[in-house]
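A.B. asks: Pasting the sequence and the predicted coordinates here, then a few questions.
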Amino acid sequence: MRKVVVARLGRGKSTTEGQSVSTPDSPSTNEANGATQPSYAPPAGYGYAAPAGPPAPQYAPPPYGVAPGYPYAGAPAYGYPLVKTNVLSVISLVASIVGFFWILPFFGPLTAVITGHIALGQIRRRGEKGRGMALAGVIVGYVGLAVILGIVFLITISVITSSSYR
């Protein structure tokens, strides 16, 4: 600790002029003009560049088709295995809807039933998704075939009965 004469307001405590205050490690005071000056030196190494470290390792470029920053294109999120949807189940559902709206009246439901049954077998063997779509395609396909066969049956009956009364 040292005694310092403070001119007006010192650092830390306010004092009146000429009063001495003891402070630990206070800045040095020039008693001639009362100005305080810092008592520290500039930091070591000021103005110098950082030392050069080892060069950055060179990595191989990512495989073709992989975005930079991602490890692999087919990596599943959060560790869950990727299970794909059976394509034939989608075809079965689309064909049954096309047949239901009479865009392809006989071939739509027939395609839906055939591809739906094949898709159900593949889904059972491979463990793929799409069982609901395949079932919907099969059911709507059978209903569409039943409606078409019912209409053909009614037309056939009406033709047979109308020709017998001539």
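C.D. replies: In hand now; what should we look at?
A.B. asks: Quick one: list the elements packing against the lengthiest helix in the chain.
C.D. replies: Criterion DSSP state H: the longest helix present in the chain is helix 131-163. The contact analysis (3 or more C-beta pairs under 8 Å, 6 or more residues apart in numbering; DSSP states H and E) places helix 131-163 against helix 87-100, helix 107-126. Just so you know, the C-beta spots here come from the backbone N, C-alpha and C atoms, and that holds for glycine as well.
A.B. asks: quick one, it and helix 87-100 angle?
C.D. replies: On the basis of axes from the mean of the first three to the mean of the last three C-alpha atoms, to 10 degrees, helix 131-163 is oriented at 30 degrees to helix 87-100.
A.B. asks: Buried ones in helix 131-163, by neighbour count?
C.D. replies: Neighbour counts over helix 131-163 (16 or more other C-beta atoms under 10 Å) mark 133-138, 140-141, 144-145, 148 as buried.
A.B. asks: of all the residues you listed, which two lie farthest apart?
C.D. replies: Farthest-apart pair in those is Met133 and Ile148; separation 21.9 Å (C-beta to C-beta).
A.B. asks: Show me the shaky parts of the protein.
C.D. replies: Low-confidence segments of the chain, defined by pLDDT under 70, span residues 1-35, 37-51, 59-80, 164-166.
A.B. asks: Dump the buried residues of helix 131-163 into a markdown table; add distance to Ala112 as well.
C.D. replies: Formatted as a markdown table, those follow (distance: C-beta to C-beta, whole Å):
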| residue | distance to Ala112 |
| --- | --- |
| Met133 | 10 |
| Ala134 | 9 |
| Leu135 | 11 |
| Ala136 | 9 |
| Gly137 | 4 |
| Val138 | 7 |
| Val140 | 6 |
| Gly141 | 3 |
| Gly144 | 7 |
| Leu145 | 9 |
| Ile148 | 12 |
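A.B. asks: which one of those residues sits closest to Val113?
C.D. replies: When those are compared for distance to Val113 (C-beta to C-beta), Gly141 wins out at 4.0 Å.
A.B. asks: For Thr85, what are phi and psi?
C.D. replies: In this entry, Thr85 is assigned phi and psi values of phi -90, psi 140 (degrees, to the nearest 10).
A.B. asks: what's near enough to touch it?
C.D. replies: Thr85 makes contact with 128-130, 133, according to C-beta atoms under 8 Å, 6 or more residues apart in numbering.
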